[in-house]
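>>> Quick one: sequence plus predicted model below, questions after.
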Amino acid sequence: MYLLFGMGQKRLYLSLLLGLVLCGGGSGCKTSSFSAQNGEGKDASQSKKETVVNRSKDKEVKFTILPDPFDSSIPRDQQAFAEWGRSTALARYSSALSMEMNQQGESAFEEYVRTVNADPGNEWLLINVSRQLIEKGRIEDALTLLELSSKRKDASSTVFCWLALAKASSGDTQSAIKIAKKALHKPEAGALAYQTLFGIYVESKKTKEALKTLQQAEMAGRDSIPFLLDISHLYLNSRDRITELGLDPLKESARIVAEIEKLMASAKETDSDRPDHAEMLADTYRAMGEEEKALERYEKLLEEYPTLPRLKEKRANALLALERYEEAESEYRLLVRENPTELRYLPILGDICQKTGRYKEAGDFYYYAAVMERSNPDLFLLAASMRLAEGNPRKALDALDLVRLSGYKSFRSEYLAGLAYGDLERYTDAINCFKAAEELDKSQESKLLGESFYLILAEFHERNGEKEKAFEIAENLLAQYPESPQCLNTLGYLWADNGLHLEKSLEMIQTALEAEPDAPAYLDSLAWVLYKMNRPEEALSHQLRVFGLVKETEHEHLIVYYDHLGDIYNSIGRKEEARSAWKSALESCQQLPYKKWIQSLSEKIKKKIES
């Protein structure tokens, strides 16, 4: 979908109707996601050409409705003319598709417009081009095309719906309402017509009329399963607006779905039930958040249609939503085997591996998808982040080098590179990457900078021997976030570790613990500052409490915590317990062999044990 810059109120109407059209159900209305494509209807059979003038500032453009070239009742010359026009439209459409595939967006768009000029009676094409015109703010051009098409005798309800949208986008709400009502009176009018009128009423603050339209829609479709499904999706896709009307969208959807269930039960008794209706109902349950009910229906359908990939994918999606990761993973792996060129399953498998803590496998899936797709830098970034999580910063840099060589640079790419260099103890490179990330964030206005970013930067400076710079960053951050427990703890620990401002450090760390009393890092800081103040007996109780709160897999933290515990035990003369704590620290060091600072620390711990 296009970004709608500078459209103001027009954007509200567009976003509303696009949501309804693209996400709605299948009531037989031709823009439904459950039925045929937008506006796919009969060709024009109008023998007399109609012309509308496009009041453009630059030039006057005329659009002509072509007759049906297969209509035997029209003269041969008109049949030939119609055939020429249709052929021209198809040729231009093929040209536009080619331009779009070659990343020539604007040229492709203009060619689409010329396609409609050649054959405005093609409703599917007309609606797609009109939608793009509205998105680009060319409301008058869209109105010209839609008004011309609406004058055909067989113009569909869908054309009137889009014409109403264009009128509403131009600010002519009254005309939009009248046109939307015309759409309702067309013989084939479906839920889309009610959705359009409802949307216009809501945006123009006509609450009473909006509610009445909903009631009329339910009455009109009370015997139609697809129609009622569309109305249920209207409630689900317009939750904020429905809530503003004083209704609960989920309750209203559930009420309508209950009626649909009754209709489907009756259809089953007469052997007139349809599998597409069952699938649509399952999709509706998913939209309502009723994943178990959706899964049950997908599985019943798969019993009857076991080879249908679409149903397999929907079952996998439902399993994933239910956090049944093992089953979901099996389904997606099967889909990959059956559709090896379908790359979109690979990032999903990466997500599952990430959620289950299998970072290496997650990185492999993301990396393979990134290499195959190439045009998606986010996949390379995901692969890099997983390489960091698995403890392989060199492979993280390999993934980042590929995306950076393509010319892509963002806050995230530089931030991840900084973390990788930090893990490799190349702190100068890490600091430079963080500075580049900071500049990119400000220039791109991504607004991703925050306390965590600067706290890590302070740590890099401290480990690089630039303690004064680390203090400066931590102090500035605390001035910006004076009540942040994380900032209070970081600066307090930095000071305490260097034997500075111990009383002030103690006060700051205690304040952080008041906010988060069970934070193991803050308890360790408290124990450490008490140790530095020669109060090891007080420190011991806090340090011991840390191990009941930290996870056994957090080796990087455990190394420090056990090392501190050993120092505290040693200071009060409990030598054996000190050695035991230091040995535990060494065991955690062995889990992170690639981090040089940890190996340096392990050498110091070994000397403590031997002394």
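Received, thanks. Because the structure is a prediction, the values reported are computed rather than measured. Residues are numbered from 1 along each chain as shown.

>>> what ranges do the helices span in the stretch 151-300 of the chain?
Listed in chain order, the helices of the stretch 151-300 of the chain (DSSP state H, counting those that start in this stretch) span 157-169, 173-184, 191-203, 207-220, 225-237, 239-244, 249-269, 275-287, 291-304.

>>> Which positions within the last one qualify as buried?
If you call a residue buried by 16 or more other C-beta atoms under 10 Å, then helix 291-304 has these buried ones: E291, K293, A294, L295, R297, Y298, L301. The C-beta positions use only the backbone N, C-alpha and C, and glycine is treated the same way.

>>> what's the following helix or strand after that helix?
With elements assigned by DSSP states H and E, the helix or strand that comes after helix 291-304 is helix 309-321.

>>> what's the following helix or strand past that next one packed up against?
Elements were assigned by DSSP H and E; along the chain past helix 309-321, the next helix or strand is helix 325-338. Contact analysis of helix 325-338 by 3 or more C-beta pairs under 8 Å, 6 or more residues apart in numbering; DSSP states H and E lists helix 309-321, helix 345-355 as its packing neighbours.

>>> which residues touch the last one?
Yep, that's helix 345-355 we're talking about. The contact list for helix 345-355 (C-beta atoms under 8 Å, 6 or more residues apart in numbering) reads 320, 323, 325, 328-329, 332-333, 335-336, 339, 359, 361-366, 368-369, 372, 379, 382, 386, 389.

>>> Out of the helices of the stretch 151-300 of the chain, the one nearest Q590 is which?
For Q590, the closest of the helices of the stretch 151-300 of the chain is helix 291-304, at 42.2 Å, according to C-beta to C-beta.

>>> any idea of the angle that closest one forms with helix 275-287?
Between the axis of helix 291-304 and that of helix 275-287 there is an angle of 160 degrees, by axes from the mean of the first three to the mean of the last three C-alpha atoms, to 10 degrees.

>>> what mean pLDDT would you report for helix 291-304?
Mean pLDDT, helix 291-304: 94.

>>> Compute the inter-axis angle for that helix and helix 249-269.
Using the same axes, to 10 degrees, the inter-axis angle of helix 291-304 relative to helix 249-269 is 30 degrees.

>>> Show me what helix 291-304 is in contact with.
Contacting residues not belonging to helix 291-304 are listed as 275, 278-279, 281-283, 285-286, 308, 311-312, 314-315, 318-319, 321-322 [C-beta under 8 Å, 6+ apart].

>>> could you redo the last one with a cut-off of 10 Å?
Helix 291-304 is touched from outside by 257, 275-276, 278-288, 290, 308, 310-324, 327, with contacts defined as C-beta atoms under 10 Å, 6 or more residues apart in numbering.

>>> Filter these down to the buried ones.
Neighbour-count burial within those applies to 257, 278-288, 290, 311-320, 324; the criterion is 16+ other C-beta under 10 Å.

>>> Save the helices and strands packed on helix 325-338 as TSV, and put in mean pLDDT too.
Compiled in TSV, the helices and strands packed on helix 325-338 are given as follows (pLDDT from 0 to 100):
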stretch	mean pLDDT
helix 309-321	95
helix 345-355	96
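
>>> still on that earlier bit, drop the exposed ones from the contacts of helix 345-355 and show what's left.
Using 16+ other C-beta under 10 Å as the burial test, those include 320, 328-329, 332, 335-336, 359, 361-366, 368-369, 379, 382, 386, 389 as buried.

>>> so which strand or helix has the residue nearest in space to the middle of the chain?
Relative to the mean C-alpha position of the chain, the nearest C-alpha, by C-alpha atoms, centre = their mean, is the one of D378, at 12.2 Å. Per DSSP H and E: D378 is located in helix 377-390.

>>> where along the protein do the strands fall?
Ranges of strands within the chain are 51-55, 60-64, based on DSSP state E.

>>> which of those strands has the lowest average pLDDT?
Among the strands of the chain, strand 51-55 carries the lowest mean pLDDT, a mean of 35.

>>> just for the protein, where's the confidence low?
1-86, 105, 120, 593-596 (pLDDT under 70).

>>> How about the contacts made by I609?
Listed by C-beta under 10 Å, 6+ apart, the contact set of I609 reads G566, A578, R579, S580, A581, W582, K583, A585, L586.

>>> Identify the farthest-apart pair in those residues.
With distance counted by C-beta to C-beta, no two of those lie farther apart than A578 and L586, which are 12.9 Å apart.

>>> Which of those two has more residues huddled nearby?
Neighbour tally, A578 and L586, criterion other C-beta atoms under 10 Å: the higher count belongs to A578, 20 against 16.

>>> Surely that one touches P536?
No. Between A578 and P536 there is no contact, the gap being 11.0 Å when judged by C-beta atoms under 10 Å.
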